[in-house]
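J.: Generate coordinates for the sequence data below:
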Amino acid sequence: MARTTLTTPRGIAVYPRLSTPDTKFNKDGLYTIRVRLDQEQVEVQKFLTAMTQQHKEAVDKARSELPKAKQKSMKIADLPWKKDEAEDGTESIVMNFKMLSKITSKKTGESWTQRPAVFDAAGKPLAKELRVGGGSVVKVAFEVNPFYTGALGAGLSLRLKAVQVLELVEWQGGTASSFGFESVAEEEDETGTPDEATLETDSAEDGEEDVEF
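T.: Next up, the predicted model:
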């Protein structure tokens, strides 16, 4: 059965991994992105209502397919989104999207790779040299994947398909500025280390024409 692709309202990207897959916990690699949505927005509320209904339907379907003796004890997996409250009391929802980089067919053993499509605000492919960083304003296209396993229970996973970057914050990992460092020269200038011109000006203002150091 063909899956329907859905799109989130605009939100803030959290720890996006869209350029290269993460292989730390999965040897086949995962592309991931979390999106923070403002729970007070009407559009977000409608979206969450629809997603909650999809989750309920997935759980009900999984339960109906189990023997009656196991239906009551069926586990329900964690939601792929959670509530988060900022220090100012503002509530938001953080949704988690994933895409497996390498797919292997269980029937044929054939493997292939995939990656999320990334577009700019105009709908054009984002330049490859630009890396999407946290804080970017984005929308995410995804598929809802209902699942059931004995260990996890019944639930939904959100399969990442594509990302539209409405406002780009470039990833700055690995640079001195990304860790708050500046050049020594810049630090000396900002902390008031005087140069020769400053010394001459200060001396004139103090009425001291001859200054010994």
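J.: Now do the domain split for this protein, please.
T.: Listed domain ranges for the chain are 5-167, 177-206 (source: automatic domain parsing).
J.: Any figure for the gap between Phe25 and Phe119?
T.: Distance of Phe25 to Phe119, computed by Cβ to Cβ, to the nearest Å: 28 Å. C-beta coordinates here come from the backbone N, C-alpha and C atoms, glycine included.
J.: Which one's more surrounded, the two?
T.: For Phe25 versus Phe119, the count of surrounding residues by other Cβ atoms under 10 Å is larger for Phe119: 17 against 6.
J.: Identify the residue spatially nearest to the more buried one, adjacent ones excluded.
T.: Gln164 (4.8 Å; Cβ to Cβ, 6 or more residues apart in numbering).
J.: Same check on Thr32?
T.: Ranked by Cβ to Cβ, 6+ apart and with sequence neighbours excluded, the top spatial neighbour of Thr32 is Arg17, at 4.8 Å.
J.: coming back round to it: please spell out which residues along the helix or strand harbouring the residue nearest to Phe119 are buried.
T.: Gln164 is part of strand 153-167 when elements are defined by DSSP states H and E. Buried residues in strand 153-167, defined by neighbour count with 16 or more other Cβ atoms under 10 Å: 153-165.
J.: Now that strand - C-alpha only, PDB.
T.: Taking C-alpha atoms only, strand 153-167 is exported to PDB below (Å, rounded to 0.1, in the frame of the first residue of the first chain):
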ATOM      1  CA  GLY A 153       4.900  -2.600  21.300                       C
ATOM      2  CA  ALA A 154       2.700  -0.700  18.800                       C
ATOM      3  CA  GLY A 155       3.500   2.800  17.600                       C
ATOM      4  CA  LEU A 156       4.600   5.100  14.900                       C
ATOM      5  CA  SER A 157       7.900   6.100  13.400                       C
ATOM      6  CA  LEU A 158       8.300   9.200  11.200                       C
ATOM      7  CA  ARG A 159      10.300   8.500   8.100                       C
ATOM      8  CA  LEU A 160      12.300  11.500   6.900                       C
ATOM      9  CA  LYS A 161      11.800  12.200   3.200                       C
ATOM     10  CA  ALA A 162      12.800  15.900   2.500                       C
ATOM     11  CA  VAL A 163      13.500  19.200   4.300                       C
ATOM     12  CA  GLN A 164      12.700  22.700   3.100                       C
ATOM     13  CA  VAL A 165      15.000  25.300   4.700                       C
ATOM     14  CA  LEU A 166      13.000  28.600   5.000                       C
ATOM     15  CA  GLU A 167      15.700  30.400   7.000                       C
END
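J.: What is that strand packed up against?
T.: Applying 3 or more Cβ pairs under 8 Å, 6 or more residues apart in numbering; DSSP states H and E, one finds that strand 153-167 contacts strand 11-22, strand 30-38, helix 42-64, strand 91-100, strand 117-119, strand 137-149.
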